[in-house]
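**Student:** Compute the structure for the input listed below.
(2 chains)
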2 protein chains.
Amino acid sequence: MIREITAEDVPALAAVAAATGNFSPEEVKTVEEMAKESLGSNPNGYHFLCYVEDRRLLGFACYGHTSLTDGAYDLYWLGVDAREHGRGVGGALLAEVERRLTAEGGRLLVAETSGTDAYAAARAFYLHHGFHEAGRIDDFYAVGDAKVIYVKRMR
Amino acid sequence: MIREITAEDVPALAAVAAATGNFSPEEVKTVEEMAKESLGSNPNGYHFLCYVEDRRLLGFACYGHTSLTDGAYDLYWLGVDAREHGRGVGGALLAEVERRLTAEGGRLLVAETSGTDAYAAARAFYLHHGFHEAGRIDDFYAVGDAKVIYVKRMR
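**Tutor:** From the prediction side, this is the model:
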């Protein structure tokens, strides 16, 4: 089951971010803060969805409209507990993000990830799910750690 | 003379944004809000510089460290009054941005602009000043309006 998060989900969401195997402590903290802010009285434009099975949160996605664009959206975060990889949780979350942004008139979705070996599975995931590589900035996150930009056009 | 902005500069800064010939009303408003926030008690990480001659503000730049990176910076805005184009105001602002971010340990600067004919001069400016194109997202800002991503490595 995929649904929007509530305040009660934030601790489990942060735990899943830590359990993806790919989020640094700083990134886990950033995800947690963004999730809290998205639920506050002055929301930040980030929308968090979570995948829940038997009351357990297995994965989450965060997306939002890109300001100053007509129909572009960013996929800020997509994370699945490493013990649940390969079961389609990420693909189901992505499909729900696409369904929602298309319903709002969104035309394209941009995802950025790292070019290091540790993110090979993430890059393969995006290519497998209809994204193409639109750019690459070498040494972006750190020396030797490129940013790779993926884009998917909605139909 | 290039210096950091003060609250008194914000109206002139917004007027220059409108006088660049390339900022939409929504973008002018966004620049103004970002400038105000950068001066507030809870600053947003955006740094605004202005180029002033005979007490008149001719151009401005806005840059900031890109979160979750070690040494990447974004050039969010660079605007020069269209009546002052071709005099080196933009180049001087860019050089000062580079001087400041390098002093903070910055390694690279990313600038994004539009792929439309109206932004041909902006794209030529970046290429002339040592940036290279690192990516392009067609139909990003709107259908027919691509985002072009430029990167410059600091020495």
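**Student:** Any idea how far whichever strand or helix holds A:Leu101 is from the middle of the chain?
**Tutor:** Using DSSP states H and E, A:Leu101 maps to helix A:89-103. Its chain's C-alpha centre and that of helix A:89-103 lie 10 Å apart, by CA atoms, centre = their mean, to the nearest Å.
**Student:** After it, which helix or strand is next? Please name it.
**Tutor:** As assigned by DSSP H and E, the chain's next helix or strand after helix A:89-103 is strand A:108-114.
**Student:** now that following strand, how far from the chain's geometric center?
**Tutor:** With CA atoms, centre = their mean, you get 9 Å for strand A:108-114.
**Student:** where exactly do the helices run in chain A?
**Tutor:** According to DSSP state H, chain A carries its helices in the segments A:10-19, A:25-38, A:89-103, A:120-128.
**Student:** Can you show me the CA trace of the last one as PDB?
**Tutor:** The reference is to helix A:120-128. What follows is helix A:120-128, C-alpha atoms only, in PDB (Å, rounded to 0.1, in the frame of the first residue of the first chain):
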ATOM      1  CA  ALA A 120      25.200   1.400  -9.900                       C
ATOM      2  CA  ALA A 121      21.900  -0.200  -8.900                       C
ATOM      3  CA  ALA A 122      20.200   3.200  -8.600                       C
ATOM      4  CA  ARG A 123      21.400   4.200 -12.100                       C
ATOM      5  CA  ALA A 124      20.300   0.800 -13.500                       C
ATOM      6  CA  PHE A 125      16.900   1.300 -11.800                       C
ATOM      7  CA  TYR A 126      16.300   4.700 -13.600                       C
ATOM      8  CA  LEU A 127      17.400   3.400 -17.000                       C
ATOM      9  CA  HIS A 128      15.200   0.300 -16.500                       C
END
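**Student:** Summarise which helices and strands that helix is packed against.
**Tutor:** strand A:108-114, strand A:145-153 (3 or more CB pairs under 8 Å, 6 or more residues apart in numbering or on different chains; DSSP states H and E). Placement of C-beta: from N, CA and C, glycine included.
**Student:** what pLDDT does the closest residue to A:Ala146 other than its chain neighbours get?
**Tutor:** Closest residue in space to A:Ala146, ignoring its immediate chain neighbours: A:Gly115 at 3.3 Å, by CB to CB, 6 or more residues apart in numbering or on different chains. According to the prediction, A:Gly115 has pLDDT 98.
**Student:** Would you mind confirming that A:Gly115 makes contact with A:Ile149?
**Tutor:** No. With contact defined as CB atoms under 8 Å, A:Gly115 does not reach A:Ile149; the gap is 10.4 Å.
**Student:** Now do the shared contacts for these two.
**Tutor:** Shared contacts of A:Gly115 and A:Ile149 (CB atoms under 8 Å, 6 or more residues apart in numbering or on different chains): A:Arg136.
**Student:** When these two are compared, which one has more neighbours?
**Tutor:** A:Ile149 (24 against 19; other CB atoms under 10 Å in any protein chain shown).
**Student:** Do I have it right that that one meets A:Glu133?
**Tutor:** Yes. Using CB under 8 Å, A:Ile149 is in contact with A:Glu133, at 7.0 Å.
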